[in-house]
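Undergrad: Give me a 3D structure for the following:
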Amino acid sequence: MQLKTQIFSILLFFSLGSCVDFADLSDAQVPDYEAEFAVPLINSRLTIKDMIDSNTPIDGLSIASDGTLRFQYFGTEVRREGEAVFEDLTANFPRIFTLPAREIRFPLSLVSNVELDRLDFKTGQFVYTLENPNEESILVEFELSTLFNDETPFRFTVEVPAYSGSGPLPRVTNSGSPIDLKDYQLIPNDNRIELRYSAINENGEQRPLEDFVVEIVDPVFSYAEGYLGQFVIEGVEDSVVIDFVEEYSEGNIQFATPTAVLLVENSFGVAMEAEVNELIVLNTDNTEQEFRSSLLDEGLLFPYPEMDQVGTVLNGAFTFDKDNSNIVDLFSNNPLSTIYDIDALVNPEADEDLLGFMTDSSYLSLQVRVDLPLFGTANDYFIRDTFDIDLVDFDEIEQATFKMITENELGIDASVQAYFLDDQGAVLETLFTDQQLIAKGANVNEDGLSDAPAVTTTFVETDAVRSQRIRQASQLALQVGFSTETNDPRPVRILEQQGIRLKMGAVVRVRSNQ
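TA: Model prediction:
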């Protein structure tokens, strides 16, 4: 697997040749051989900004307002729309009403303990059917007194022919041309729907009707107001993957100021509280740690618009940091991901006096963000990767002396070991006899910022025997280790413009032709 481009990946160039400018090799101590060649390899300075602008940008890397580099990871943004909530809320809305008497009050059966003061129709149709058992024509006047259109109660009038005395009763229905309920408002009276009618003959006398049925077909609502009850809006079950540790092999990095943020957008006009079903951190060794915080103990109450703020979206952010949670401990064991399952509990106190609203365009958005500023400590944190190489030109080399000069502006020590491998992955030779410190970290002040670059010079010699083994290699396995030992225990801060200047060259001796 290719090594992920990371903050410290500039150190990979320590073992890769790239002709740029001649390095200063004037003081290299090399014996006076018959044929010697000075080979310039690298003379360049790489900054973190260079890597951000490269063709392989660092995943999750961003720059904070103070210039500190940070890894920033987002979970999936999940939106729960009011339209879906309405489907659950109004699933039991009464649709068929039989009128055995001239005045009826039907309970508005929606969800248990819900008491609405207003319910707006987005779509829906009103259909009626009735029969006249009287041997005289009847004029029917119907009113649904709790249903309004522009403050006018819903009414209709229809004349029913007289019954002939035999055969089916005269029936009247508008099923072929139902009444459109769009833009009507239902204003329940004490959570009840009120219907009334009169059926009179030509003398103004009341007469009975049979099978008088009204139906509300396919109702869809755009607004609800009142006591909405207590229910759960399904939130988000997801994870935030911390992918910069995927190449981790040993050691660890401890972040001094990590944060996790729950981001909220809400336009439901009702009190809500986060219902945290799961919140853990999974480490690279597959161990799990539970997230603890005083914020969770107190409850995370989402911001919500008031009754006069219909259509307004309010934003909230709940930040878990080193002062209110155990996040520093959680992110000290090479975290692989943060796993969470968070819902929203509407009216968490079940307060029956709490009024609210929702629209079909209301929504709740939840997202988790993890911020890992590069301000902390490292202890033998290693990254490994393998590259294909071709060293056929080493065939004539008797001895080679490599010289590397580093000017390290970062407050982090870097050590490198390179393993030369054959086709089967067996180690033929190493560049150093052990893991070699070749870039000492710059000293840092109380704010974790380096004041002056640290200069380190390193020589590596390979004799004929080692050179012969190296030339047989087809792969180079590179191991880079990082540590803040120079500045331990002070946390180190990494800024955008900090970098490392590297000069690298070699003096080689080739075999004499004599």
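Undergrad: sec struct for residue 113, please.
TA: coil (DSSP: H, G, I helix; E, B strand; the rest coil).
Undergrad: Who are the contact partners of it?
TA: When contacts are counted by Cβ atoms under 8 Å, 6 or more residues apart in numbering, residue 113 touches 227, 229, 230, 352. C-beta here means a position set from N, CA and C on the backbone, and glycine is covered the same way.
Undergrad: burial count for the last one?
TA: Here the count is done by other Cβ atoms under 10 Å, and residue 352 has 12 residues near it.
Undergrad: try the second one
TA: As a burial measure, residue 229 scores 20 neighbours (other Cβ under 10 Å).
Undergrad: Look up how far residue 87 lies from the nearest residue to it once chain neighbours are set aside.
TA: Nearest non-adjacent residue to residue 229, counting by Cβ to Cβ, 6 or more residues apart in numbering: residue 114, 4.4 Å away. Using Cβ to Cβ, to the nearest Å, one gets 14 Å for the distance from residue 114 to residue 87.
Undergrad: With residue 411 instead?
TA: For residue 411, the distance to residue 87 - Cβ to Cβ - is 57 Å.
Undergrad: just residue 165 next, same as before
TA: 49 Å.
Undergrad: Am I right that residue 418 sits in a strand?
TA: Yes: the assignment for residue 418 is a strand, going by three-state DSSP.
Undergrad: okay, the residue nearest to it when sequence neighbours are not counted: pLDDT?
TA: Distance criterion Cβ to Cβ, 6+ apart; nearest residue to residue 418, sequence neighbours excluded, is residue 431 at 3.9 Å. As predicted, residue 431 sits at a pLDDT of 74.
Undergrad: what about residue 431, neighbour count?
TA: Residue 431: 19 neighbours (other Cβ under 10 Å).
Undergrad: Stretch 134-152: how far from the chain's middle?
TA: With Cα atoms, centre = their mean, to the nearest Å as the basis, stretch 134-152 stands 54 Å off its chain's centre.
Undergrad: which residues are contacting it?
TA: Counting by Cβ under 8 Å, 6+ apart, 128, 130, 132, 153-165, 172, 181, 183-189, 192-202, 207-209, 214 sit against stretch 134-152.
Undergrad: Just the residues you listed: which are in strands?
TA: When the contacts of stretch 134-152 are checked against strands (DSSP state E), the matches are 128, 130, 153-160, 172, 185-186, 192-200, 214.
Undergrad: What subset of the residues you listed is buried?
TA: Neighbour-count burial (16 or more other Cβ atoms under 10 Å) is assigned, among these, to 128, 130, 154, 160, 172, 185-186, 193-195, 197-199, 214.
Undergrad: Farthest-apart pair in the residues you listed, please.
TA: The most widely separated members of those, counting by Cβ to Cβ, are 160 and 185 (29.3 Å).
Undergrad: need the helix or strand of this protein with the lowest average pLDDT.
TA: Scoring the helices and strands of the chain by mean pLDDT, DSSP states H and E places helix 48-52 at the bottom, with a mean of 52.
Undergrad: Next, the contact list for the residue nearest the centre of the chain, please.
TA: Nearest to the mean C-alpha position of the chain, counting by Cα atoms, centre = their mean, stands residue 75 at 1.8 Å. Taking Cβ under 8 Å, 6+ apart, we find residue 75 in contact with 236, 238, 239, 240, 338, 340, 367, 368, 369.
Undergrad: One more: residue 344?
TA: Contact partners of residue 344, counting by Cβ under 8 Å, 6+ apart, are 80, 232, 233, 235, 272, 273, 274, 275, 302, 364, 366.
Undergrad: same question, residue 266
TA: 272, 302, 303, 304, 305, 313, 314, 316, 363, 364, 365.
Undergrad: can you list the residues you listed in a markdown table and add pLDDT and secondary structure?
TA: Listed next are the contacts of residue 266 as a markdown table, based on pLDDT from 0 to 100; DSSP: H, G, I helix; E, B strand; the rest coil:
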| residue | pLDDT | secondary structure |
| --- | --- | --- |
| 272 | 95 | strand |
| 302 | 96 | strand |
| 303 | 97 | coil |
| 304 | 97 | coil |
| 305 | 97 | coil |
| 313 | 97 | coil |
| 314 | 97 | strand |
| 316 | 96 | strand |
| 363 | 95 | strand |
| 364 | 95 | strand |
| 365 | 94 | strand |
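Undergrad: Tell me the one of those nearest residue 497?
TA: Closest to residue 497, out of all of those and judged by Cβ to Cβ, is residue 316, at 34.2 Å.
Undergrad: Quick check on residue 85: phi, psi?
TA: Residue 85 adopts backbone torsions of phi -70, psi -40, taken as degrees, to the nearest 10.
Undergrad: May I ask you to confirm that it is in contact with residue 233?
TA: Yes: the pair residue 85 / residue 233 is scored as a contact, 6.3 Å apart, by Cβ atoms under 8 Å.
Undergrad: Find the residues that touch each one of these two.
TA: Shared contacts of residue 85 and residue 233, counting by Cβ under 8 Å, 6+ apart, come down to residue 268.
Undergrad: Helices of the stretch 1-150 of the chain, residue ranges please.
TA: Listed in chain order, the helices of the stretch 1-150 of the chain (DSSP state H, counting those that start in this stretch) span 48-52, 82-89.
Undergrad: what helices or strands is the longest one leaning on?
TA: In terms of contacts (3 or more Cβ pairs under 8 Å, 6 or more residues apart in numbering; DSSP states H and E), helix 82-89 is packed against strand 210-227, strand 231-241, strand 356-359.
Undergrad: Of the ones you listed, which is nearest residue 176?
TA: Comparing the helices and strands packed on helix 82-89 by Cβ to Cβ, strand 210-227 comes nearest, at 12.7 Å.
Undergrad: so what strands line up beside that closest one?
TA: strand 96-98 (antiparallel), strand 115-131 (antiparallel), strand 356-359 (antiparallel) (DSSP bridges).
Undergrad: Now do the buried residues in the shortest one.
TA: Going back to what we said before, that points to strand 96-98. residue 97.
Undergrad: And the longest one, by the same measure?
TA: If you call a residue buried by 16+ other Cβ under 10 Å, then strand 115-131 has these buried ones: 116, 119, 120, 121, 122, 124, 125, 126, 127, 128, 130, 131.
Undergrad: Kindly reformat these as CSV containing pLDDT and distance to residue 327.
TA: Below are the buried residues of strand 115-131 laid out as CSV (pLDDT from 0 to 100; distance: Cβ to Cβ, whole Å):
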residue, pLDDT, distance to residue 327
116, 91, 42
119, 95, 44
120, 96, 44
121, 95, 48
122, 94, 44
124, 95, 50
125, 97, 55
126, 97, 57
127, 97, 59
128, 97, 63
130, 95, 68
131, 96, 72
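Undergrad: For residue 345, state which of these is nearest.
TA: residue 116 (19.9 Å).
Undergrad: Nearest spatial neighbour of the closest one, chain-adjacent residues omitted?
TA: Here the residue nearest residue 116, using Cβ to Cβ, 6+ apart, is residue 226, at 3.9 Å.
Undergrad: separation between that neighbour and residue 313?
TA: 22 Å.
Undergrad: And the two? Which one has more around it.
TA: Remark: of residue 226 and residue 313, residue 226 carries more neighbours, 18 against 14, as counted by other Cβ under 10 Å.
Undergrad: For that one, give me the pLDDT.
TA: 93.
Undergrad: so it makes contact with residue 89?
TA: No: counting by Cβ under 8 Å, residue 226 stays clear of residue 89, with 10.9 Å between them.
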